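In: Based on what follows, work out the 3D shape:
(chains A and B)
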There are 2 protein chains.
Amino acid sequence: MVDIPDSHPRKASLLARQSMTEAAARGLLAESAMIAHGRGEAFDYLLGERTIDSAASAISEAASRLRNAESPVISVNGNTVVLAGEDLVRLAAIIECPIEVNLYYRTSERISGLLSLLHEQREAVSSGTPPDGWLGDWKKRVLSVDILGADADDRIPGLEGPRSLCCANGIGGADVILVPLEDGDRCEALVALGKQVLVIDLNPLSRTARKATVTIVDEVSRAASELVVGALTGGNPSEWNNEECLKDALNAMMANQLNAF
Amino acid sequence: MVDIPDSHPRKASLLARQSMTEAAARGLLAESAMIAHGRGEAFDYLLGERTIDSAASAISEAASRLRNAESPVISVNGNTVVLAGEDLVRLAAIIECPIEVNLYYRTSERISGLLSLLHEQREAVSSGTPPDGWLGDWKKRVLSVDILGADADDRIPGLEGPRSLCCANGIGGADVILVPLEDGDRCEALVALGKQVLVIDLNPLSRTARKATVTIVDEVSRAASELVVGALTGGNPSEWNNEECLKDALNAMMANQLNAF
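Out: This next block holds a predicted model:
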């Protein structure tokens, strides 16, 4: 890793880029993953690389909906595991839900590489400090998080080919799905099944952002870290106006741009 | 190549992405190239994937400055050659200037791979149809375009290490440089030498965009194609207000976003 001084104003962004480059070299990412990451960088830059108020509200709402779900699940792809895997393991431990590796461009090599990385992350999180406000046996709780994805024994209706595959005890049977960085088609197919779909997407104009039940317009590692806090503090789901939330994110980006000159 | 129907509204963008993915697989691109491409995609998306009026003006201005230069040069990196190489060969033929392969992350493998690709592109352009309005021996003119970069025998003062290297009969001795997709540091160093620096940059807030003499806020392949037209139609350089041009591009992006809801 190149050494980036703590004082660098864009340190977090540059570290994320290094992690992605290394994961790509290890074969963990699809060809399009780096391009998708670059798109995210551009939108985050417009956002000022910070969690805006409406995103913080969306994070609380998503955390409440996960806590109140019958069968919640966290669906992750390569970029998500690389950028936010450990915090999502923490979140899964608090919510007591499984994590499913589910890839748009599914290959058995990448599935098994990401499952290994998630197992390493679960191990690291289990022996680390519990989040503030946690009561109970942290290590045991973390190690009980199911990591799914190896056996895709179910299908998402309305999609074709490998991208329709999922796990029956994960996405297949879930009522609430947190799926950071999802594709528009799949987001739409999951919503059509009557599931609540909670997404993290830096582009407030994307089809995913517009189709989701709750859209967190924020960078995935910042959002995952705040979801852990939200899951511990609790609260009940509200009547959520997702379109207002997306408009607010656009306004924040535009206000940032105007201030630039 | 995956077959994308002509009717797809984002066909050009998807084909560009495929070209980039293939070039990366051939080792022609630096690790950060795909991420940079993704950032460009996001800004182009905000722009509506079209050449806005102020960008068209910047293209005319840049073409005029290249035509009126004493020693113009076109400096290209991997992304530029992959996305717009053939049109830049056409432009170099019309302007009668060299093309210099000049890489921020310089390796001899990538330099020679890109030189080979440019030679292939020059060959293809020389045997193709001349641009509308061209009079004269097109094949001869195209084949006379010098392709530089193998022997970096000069340095850009103010920069350190491999990224300071350049060719004396290219960037070193040029008064006007068209350098699509340039890094901020290098743009600044070239401007500090009193050179006119013409850039193509989709992010109107980037350091490169703000430091350049003329900034074309447009996707590189669209801009290169229009530069060919501009170089043939001519005109004289004007008093150019680059800040106005950048503000207009920001406004266009914001107007697009507002229209989205």
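In: all strands of the stretch 101-250 of chain A, in order?
Out: A:147-148, A:154-155, A:165-166, A:176-178, A:196-200, A:214-216 (DSSP state E, counting those that start in this stretch).
In: what helices or strands is the longest one leaning on?
Out: Right, the one you point to is strand A:196-200. Packing contacts for strand A:196-200, counted by 3 or more CB pairs under 8 Å, 6 or more residues apart in numbering or on different chains; DSSP states H and E, involve helix A:53-67, strand A:176-178, helix A:184-192, helix A:207-211, strand A:214-216, helix A:220-233. All C-beta atoms are positioned from the backbone trio N, CA, C, and that covers glycine.
In: What residues does chain A have near chain B?
Out: When proximity is defined as CB under 8 Å from any CB of the partner chain, chain A approaches chain B at A:17, A:20-21, A:24, A:31-32, A:34-43, A:45, A:203, A:205, A:243, A:246-247, A:250, A:253-254, A:257-258, A:260-261.
In: Pipe the helices and strands packed on strand A:196-200 into TSV and attach mean neighbour count and mean pLDDT per row.
Out: TSV is the format used below for the helices and strands packed on strand A:196-200 (neighbours: other CB atoms under 10 Å in any protein chain shown; pLDDT from 0 to 100):
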stretch	mean neighbour count	mean pLDDT
helix A:53-67	22	97
strand A:176-178	29	98
helix A:184-192	19	92
helix A:207-211	20	93
strand A:214-216	28	98
helix A:220-233	22	96
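In: export these to TSV and tack on distance to A:Asp146?
Out: Shown next, in TSV, are the helices and strands packed on strand A:196-200 (distance: least, CB to CB, whole Å):
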stretch	distance to A:Asp146
helix A:53-67	15
strand A:176-178	15
helix A:184-192	20
helix A:207-211	25
strand A:214-216	23
helix A:220-233	17
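In: out of the ones you listed, which comes closest to B:Thr51?
Out: helix A:207-211 (24.8 Å; CB to CB).
In: That closest one packs against which elements?
Out: Against helix A:207-211 (3+ CB pairs under 8 Å, 6+ apart) you get helix A:184-192, strand A:196-200.
In: Compare these and give me the one nearest A:Ala69.
Out: That would be strand A:196-200 among the helices and strands packed on helix A:207-211, by CB to CB, at 7.5 Å.
In: For the closest one, what is the distance to the chain centroid?
Out: 9 Å (CA atoms, centre = their mean, to the nearest Å).
In: Partner strands of that strand and their direction?
Out: Strand A:196-200 pairs in its sheet with strand A:176-178 (parallel), strand A:214-216 (parallel), by DSSP bridges.
In: Report the inter-axis angle for that strand versus helix A:220-233.
Out: 130 degrees (axes from the mean of the first three to the mean of the last three CA atoms, to 10 degrees).
In: From chain B, how far off is A:Asn236?
Out: 28 Å (CB to the nearest CB, to the nearest Å).
In: dump the residue contacts of that residue.
Out: A:64, A:68 (CB atoms under 8 Å, 6 or more residues apart in numbering or on different chains).
In: and the residue of chain A nearest chain B?
Out: A:Gly38 (2.3 Å; CB to the nearest CB).
In: burial measure for that residue, as a count.
Out: Each residue near A:Gly38 was counted by other CB atoms under 10 Å in any protein chain shown, and the total is 22.
In: Give me the contact list for stretch A:127-142.
Out: A:89-90, A:93-94, A:96, A:122, A:125-126, A:228-229, A:232-233.
In: Check these and tell me the two furthest apart.
Out: So, the contacts of stretch A:127-142 by CB to CB: farthest apart are A:Arg122 and A:Thr233, at 23.1 Å.
In: Tally up the residues packed near the residue nearest to A:Leu29 when sequence neighbours are not counted, please.
Out: Nearest residue to A:Leu29, sequence neighbours excluded (CB to CB, 6 or more residues apart in numbering or on different chains): A:Gly78, at 4.4 Å. A:Gly78 has 26 neighbouring residues, counting by other CB under 10 Å.
In: A:Gly78 is in contact with A:Tyr104, isn't it?
Out: No: if you go by CB atoms under 8 Å, A:Gly78 and A:Tyr104 don't touch, sitting 9.7 Å apart.
In: Overlap in contacts, these two.
Out: A:Ala30.
In: re earlier: in CSV: the strands of the stretch 101-250 of chain A, plus distance to B:Gly158.
Out: What follows is the strands of the stretch 101-250 of chain A, written out as CSV (distance: least, CB to CB, whole Å):
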stretch, distance to B:Gly158
strand A:147-148, 51
strand A:154-155, 59
strand A:165-166, 54
strand A:176-178, 48
strand A:196-200, 41
strand A:214-216, 42
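In: among those, which is nearest A:Ser71?
Out: strand A:176-178 (7.6 Å).
In: follow-up on the earlier one: relative to A:Thr107, how far out is the residue nearest to A:Leu29?
Out: 11 Å (CB to CB, to the nearest Å).
In: How about A:Ile95?
Out: 29 Å.
In: higher neighbour count, those two?
Out: More crowded of A:Ile95 and A:Thr107, by other CB under 10 Å: A:Ile95, with 21 against 12.
In: Would you enumerate the residues in contact with the residue nearest to the more buried one when sequence neighbours are not counted?
Out: Spatial nearest neighbour of A:Ile95, excluding adjacent residues (CB to CB, 6+ apart): A:Leu66 at 5.0 Å. When contacts are counted by CB under 8 Å, 6+ apart, A:Leu66 is found next to A:72, A:91, A:95, A:97, A:176, A:178, A:198, A:227, A:231.
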